[in-house]
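1. Quick one, structure for this:
(2 chains)
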Amino acid sequence: MNTIKKLLIALLINLVCLVPIYADSTEHDVDSRSLNVMVSKLMSWYGSLISNSETVLFQEITSDWDSYRTQYPTDINQIQILQTDLTPIADKNHYQFKVSSLIHHEGGQKTIDDNFAFNIDSEGQPKITAISFNNNDTASSSKNESDEVFDAMYYKTREFSYAWLAYMDGVEAIQTVINVADWSDAPYEINVGSTNINQPVKETLVTRKQFLYKGEHNLRLIDLVSLDTKTNTYLLDLTMNWQGVNEKNQTVIAKINQKIELKIMADGRWHVISIKEKHLLPDLTPWQDLLC
Amino acid sequence: MLKKILTLLFISLILNVNAANSKAGSLPILSGVGGEFTAVDSNGYTIEFNSYAGNVVVLAFGYTSCADICPFTLGYLKQLYNKLSSEEQQKVRMLFVTVDPEYDTPEHLKAFLAHFNEDFIGISGSKEQTDYIVSLYQAEYNQLSAIGIPTQNIRRVQPKLFDDEAEAEEDTATLFSHSVSIYLVDKDGFTRSVEYTGTPKDEFSEKIKQLINE
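-> Numbers count the residues shown, from 1 in each chain, chains lettered A, B, ... in the order given. Just a heads-up that it's a prediction; the model follows:
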């Protein structure tokens, strides 16, 4: 009986190992560029609701929603997103994004369900067209089991990262969120197998198209580590999957790790100092990491 | 009853793995896996990997003193190679990259691989060259023993040849662990699939044929 249990567990592990492949295909129902720009906007939305967020610079939320935002508590110190559900509406430019979150504020905790309607304009920019709000006063006493702090910096990290992915996917208009023009001369080094590219950001992004011509970046892992508090420098570590075609229109998949060194300027802007990118072995098979 | 359940589970496992591979379907290029390198082949010639351009390459890591997976892998590759027609075989290069270039000289690799198939090509070189090839394919190997193990206790299929019998008796080799993956590389040098000895040989040979015919 124990043997059967062990085999069932092995089978389960095997299936779990395969999940990324199927997860990708599910996400591809939503255009990844749209996903990245919408999530970046949502990160701005939630980050800017946090009471200490005045020290962190977020992309501007249009004043149309000022009255809506008054429904949230004013003294929020953390927002923990519990669940999201993204559904395309009618066509590829309209989406409904449901977000359930646990709000931590001075007075306690409460769960809130927001329902955003997005319209993606011709330049790929997301515009919030409607929001509905469900305030659950029956506060969940859910405890954050990880050590992660869901503060303004947490949301700024994600706002920047998703916007950067959208920019790499070709959404030029989002460069205003990440101020690419300010650091387009920063060194950007890529190692793809035996090929090394080491040029300024603006040039590397062009050269990179030999390998990754047209496709979509999907963020998988994100981490921000302080390098030096005096100089306000950080290391942003991103791991993402990419699927698309190369210059010769051949299908390509990649698992990409980027280490982005950046400085947070006095006015709150994130200024990239350097980027190092490496293409890793994509997560394809349960045996690819086996040693014998 | 237990046997039936185990068989069903095993089949289910294989089908799931195969389903995942089929999902990749069109054999996409795996960006950043593999690339150009310099090494020494089992004829003792310095080679560039791009000298195999125009051929489909099947590449595996191992070493001749391996006591477990390597003979099994090479036996698998032999059967896989035999599934190809002689015309197809001419368009395929089977590379066995040693992780123990110090022990696996080109001559020894050639004699060892000939036990499986004389067409198989051994790849060795300096330790730096080996480490570079391993890193290109994002594989891994680790030395397991600090002291040498008598090779007569490990392998009797194809002992290393020595002029002196006493030298042969004293021959020792180091043990390693290493990646078990088998890489399928297209005619342009792009890695297109990562397989292992659990891949049904018919399925693997179809992938090779697909790349030959591209």
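2. Please enumerate the helices of chain B.
-> Taking DSSP state H, the helices of chain B run over residues B:2-24, B:69-82, B:86-89, B:106-114, B:127-136, B:165-169, B:201-212.
3. Throw these into CSV and include mean neighbour count and mean pLDDT, thanks.
-> The C-beta positions use only the backbone N, C-alpha and C, and glycine is treated the same way. Converted to CSV, the helices of chain B look like this (neighbours: other C-beta atoms under 10 Å in any protein chain shown; pLDDT from 0 to 100):
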stretch, mean neighbour count, mean pLDDT
helix B:2-24, 14, 44
helix B:69-82, 19, 95
helix B:86-89, 12, 98
helix B:106-114, 20, 95
helix B:127-136, 17, 98
helix B:165-169, 10, 74
helix B:201-212, 17, 97
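4. Which one of these lies nearest to residue B:190?
-> With C-beta to C-beta as the criterion, residue B:190 lies closest to helix B:201-212 of the helices of chain B, at 9.6 Å.
5. ok, residues contacting the closest one?
-> B:18, B:21, B:27, B:56, B:58, B:76, B:79-80, B:83-84, B:88, B:91-92, B:182, B:184, B:186-187, B:192-193, B:195 (C-beta atoms under 8 Å, 6 or more residues apart in numbering or on different chains).
6. repeat for stretch A:51-66
-> Here stretch A:51-66 makes contact (C-beta under 8 Å, 6+ apart) with A:40-41, A:43-45, A:47-48, A:69, A:74-77, A:128, A:131, A:151-153, A:155-156, A:159, A:163, A:176-177, A:267-269.
7. So for it, first residue to last residue, what's the gap.
-> Using C-alpha to C-alpha, to the nearest Å, one end of stretch A:51-66 lies 15 Å from the other.
8. Distance from that stretch to the middle of the chain?
-> 18 Å (C-alpha atoms, centre = their mean, to the nearest Å).
9. ok, back up a step: any of the contacts of stretch A:51-66 buried? List them.
-> Buried members of the contacts of stretch A:51-66, scored by 16 or more other C-beta atoms under 10 Å in any protein chain shown, are A:40-41, A:43-45, A:47-48, A:76-77, A:128, A:131, A:151-153, A:155-156, A:159, A:163, A:177.
10. Sitting in helices, which of these do you find?
-> Counting by DSSP H, the part of these found in helices is A:40-41, A:43-45, A:47, A:152-153, A:155-156, A:159, A:163, A:177.
11. among these, which two are most distant?
-> A:41 and A:153 (17.8 Å).
12. ok, now which ones touch residue 78?
-> If you meant another chain, say so; for now it's chain A. Counting by C-beta under 8 Å, 6+ apart, residue A:78 has contacts A:50, A:103-104, A:149-151.
13. The chain in question should be chain B.
-> B:116-117.
14. Repeat that for residue A:120.
-> Listed by C-beta under 8 Å, 6+ apart, the contact set of residue A:120 reads A:34, A:37-38, A:92-95, A:126-127.
15. Give the bridge partners for it, please.
-> Beta-bridge partners for residue A:120, by DSSP bridges, are residue A:126.
16. near chain B, which residues of the stretch 151-292 of chain A?
-> The stretch 151-292 of chain A has residues A:191-195, A:211-212, A:242-243, A:246, A:250-254, A:256, A:278-282, A:284-292 near chain B, with proximity defined as C-beta under 8 Å from any C-beta of the partner chain.
17. Just these: which are in strands?
-> Taking DSSP state E as the definition of strands, these contribute A:191-192, A:195, A:242-243, A:251-254, A:256, A:278-280.
18. So among those, which ones count as buried?
-> Taking 16+ other C-beta under 10 Å as the criterion, what is buried in those is A:191-192, A:242-243, A:251-254, A:256, A:278-279.
19. Kindly reformat the ones in strands among the residues of the stretch 151-292 of chain A next to chain B as JSON lines containing pLDDT.
-> Shown next, in JSON lines, are those (pLDDT from 0 to 100):
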{"residue": "A:191", "pLDDT": "95"}
{"residue": "A:192", "pLDDT": "95"}
{"residue": "A:195", "pLDDT": "95"}
{"residue": "A:242", "pLDDT": "97"}
{"residue": "A:243", "pLDDT": "95"}
{"residue": "A:251", "pLDDT": "96"}
{"residue": "A:252", "pLDDT": "97"}
{"residue": "A:253", "pLDDT": "97"}
{"residue": "A:254", "pLDDT": "98"}
{"residue": "A:256", "pLDDT": "98"}
{"residue": "A:278", "pLDDT": "97"}
{"residue": "A:279", "pLDDT": "97"}
{"residue": "A:280", "pLDDT": "97"}
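20. Figure out the helix or strand that residue A:181 lives in.
-> Assigned by DSSP states H and E, residue A:181 falls within helix A:180-183.
21. Show me what that helix is packed up against.
-> strand A:270-280 (3 or more C-beta pairs under 8 Å, 6 or more residues apart in numbering or on different chains; DSSP states H and E).
22. The strand it packs on: how far from the chain's middle?
-> 15 Å.
23. Then stretch A:213-221?
-> Relative to its parent chain, stretch A:213-221 has a centroid offset of 10 Å by C-alpha atoms, centre = their mean.
24. cool, and stretch B:130-146?
-> 13 Å.
25. Next: stretch A:117-131.
-> 17 Å.
26. Give me the distance between the two termini of that stretch.
-> Using C-alpha to C-alpha, the two ends of stretch A:117-131 sit 6 Å apart.
27. Sketch out the low-pLDDT regions of chain A for me.
-> A:1-30, A:53, A:136-146 (pLDDT under 70).
28. Tell me which residue is most central in it.
-> Nearest to the geometric centre of chain A sits residue A:162, at 3.8 Å (C-alpha atoms, centre = their mean).
29. ok, now chain B?
-> When C-alpha atoms, centre = their mean is applied to chain B, the residue found nearest the centroid is residue B:60 (2.2 Å).
30. And for the closest residue in space to that residue that isn't next to it in sequence, the neighbour number?
-> Leaving aside its chain neighbours, residue B:60 sits nearest to residue B:182 (4.8 Å; criterion: C-beta to C-beta, 6 or more residues apart in numbering or on different chains). Residue B:182: 22 surrounding residues under other C-beta atoms under 10 Å in any protein chain shown.
31. need the contact list for residue B:182.
-> Counting by C-beta under 8 Å, 6+ apart, residue B:182 touches B:58-60, B:73, B:77, B:194-197, B:199, B:204.
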